[in-house]
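**Q** After the sequence you'll find the predicted model.
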Amino acid sequence: MKQLIILSQAPLTPQIRRNCYIDEFINAGYTNIEFWDISQYLHPGIKLKDELQDEHIKYIPNIETLSASIDNLNVENSIFILDFPQGWNTRHLFRVLSDKECIYVRIDMYANTYLYISKWKQLSKLFSKQLVHIIKEKTKSILYNFYTKKYHIQPFKRYYSSSALSKVNRTDKINHPDYEELKYSPTTPAVSGKYILFIDTYFGYHPDDKFIYKYNSHASPEEYHESLKKFFAFLEQKYQMPVVIAAHPKSDYPADTFGGRQIIKYKTKDLVFFADKIILQLCNTISWVTLVDKPLIFITTRGYEMYQLRRRRLRMLAQILGMKVFNIDECNWEDITFTNVAQQKRLNYIYTYLTDKEIENRKNIDILTHSFESL
């Protein structure tokens, strides 16, 4: 069988190990598998709290190490699985891969982060504060197109995605990993009794904000958590049930961060499944929430609103689902009500971003291994 090389822009964590199907590939017979960590090349200084140490990891700090590592492979019998897109910031990586005639594919495990934008919304961006950013990104895109022609950069051999959006340019349909985990793995209660679940996003501390998105605004996490604690106390009094925190996988909270409320990590699927109500911000966990059809609210704060991209995308997500966004620092809390997503909008979301009727009962590992053997 072919050797698999997972080329990742982030260090290996339990979440990334799941998303990359490392254990599933090994069980399917791909025992010659390596995880090449290029995070320090793309995002110098990045460090995650839950990084794993694993025999499959190889650290690639620069282009020279990447080139030398590829030279030690049987390239014709290797498939490179990438978790990042082609673009100006990754051009040197793709030049090396193309020069050495590597077979590389993209498995998009976060397809529900790319949301549908209407033509009118796209046009309105040209008359907003985003104009400078749009010009920069468009310039990078044009430069990369020239670069690909000059150095004969090859496109992805296959693009596996659960998203039906045309801009994704997928070649093969797969399920979102959250869809598969809910469908094929057991659920067990992590908390006894009724509870309201808050889906944590590690706001104010998330390493992606600094190393990937490079936000210039830095809101106070302390003020953000104070707003949350007051709001949670109101909900607990109103509904007579506790608020439980589904901690972000990259988080590392002291026990008193949310006012002594229960903080649970790595159990988000189970917590969502058994929750009575759910509080959300911009988070991929919306996949599980829509799949299990729970009453929910989207919230924001003054500090959260400082991050323009996050603010905009939260409202895009809420609009797609026909929901409101409540700023808990400004609105009347009595006006906030938990509601389920309308059934048609819910199904549209599921079959646009999470799965497809053609493959909804097939496992990704079967789809991927069958495809790999034809490459």
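**A** Thanks, I have the structure now.

**Q** who does the helix or strand containing Ile264 pair up with?
**A** Taking DSSP states H and E as the criterion, Ile264 maps to strand 263-265. Strands that pair with strand 263-265, judged by DSSP bridges, come out as strand 243-247 (parallel).

**Q** And the strand it pairs with, how far out from the chain middle?
**A** Distance of strand 243-247 from its chain centroid, counting by Cα atoms, centre = their mean, to the nearest Å, is 19 Å.

**Q** if we look at that strand, which residues are touching it?
**A** For strand 243-247, the external contacting residues (Cβ atoms under 8 Å, 6 or more residues apart in numbering) are 191, 195-200, 202, 232, 235-236, 253, 258, 261-265, 267-268, 271-272, 275, 279, 285. Where you see a C-beta, it was placed from the backbone N, CA and C, and this is true even at glycine.

**Q** Show me those that map onto helices.
**A** In helices, judged by DSSP state H, the following of these are found: 232, 235-236, 268, 271-272.

**Q** right, and out of the residues you listed, which lies closest to Tyr110?
**A** Thr268 (14.9 Å; Cβ to Cβ).

**Q** What separation is there between the closest residue to the closest one other than its chain neighbours and Arg261?
**A** Here the nearest residue to Thr268 in space, its sequence neighbours aside, is Ala246; by Cβ to Cβ, 6 or more residues apart in numbering that works out to 4.4 Å. As judged by Cβ to Cβ, to the nearest Å, Ala246 and Arg261 stand 11 Å apart.

**Q** out of those two, which sits in the busier spot?
**A** Comparing Ala246 with Arg261 by other Cβ atoms under 10 Å, the one with more neighbours is Ala246, at 27 against 19.

**Q** Any idea which helix or strand in the chain has the lowest mean pLDDT?
**A** Ranked by mean pLDDT, DSSP states H and E, the helix or strand of the chain with the weakest confidence is helix 119-124, at a mean of 48.

**Q** could you point out which element follows the strand or helix carrying Ile142?
**A** For Ile142, the element it lies in under DSSP H and E is helix 131-151. Using DSSP H and E, the next helix or strand after helix 131-151 towards the C-terminus is strand 159-161.

**Q** for that following strand, what is the average pLDDT?
**A** Mean per-residue pLDDT for strand 159-161: 95.

**Q** Ok, stretch 60-75 next?
**A** Average pLDDT, stretch 60-75: 97.

**Q** repeat for stretch 4-20
**A** Rounded mean pLDDT across stretch 4-20 is 93.

**Q** Could you do stretch 245-263 as well?
**A** What stretch 245-263 shows for mean pLDDT is 92.

**Q** quick one: the residue nearest to Thr268 and Asp200, what's the gap?
**A** 6 Å.

**Q** same question, Asn27
**A** Counting by Cβ to Cβ, the gap from Asn27 to Asp200 is 31 Å.

**Q** Please apply the same query to Leu182.
**A** 19 Å.

**Q** These two: which is more packed in?
**A** Asp200 (24 against 18).
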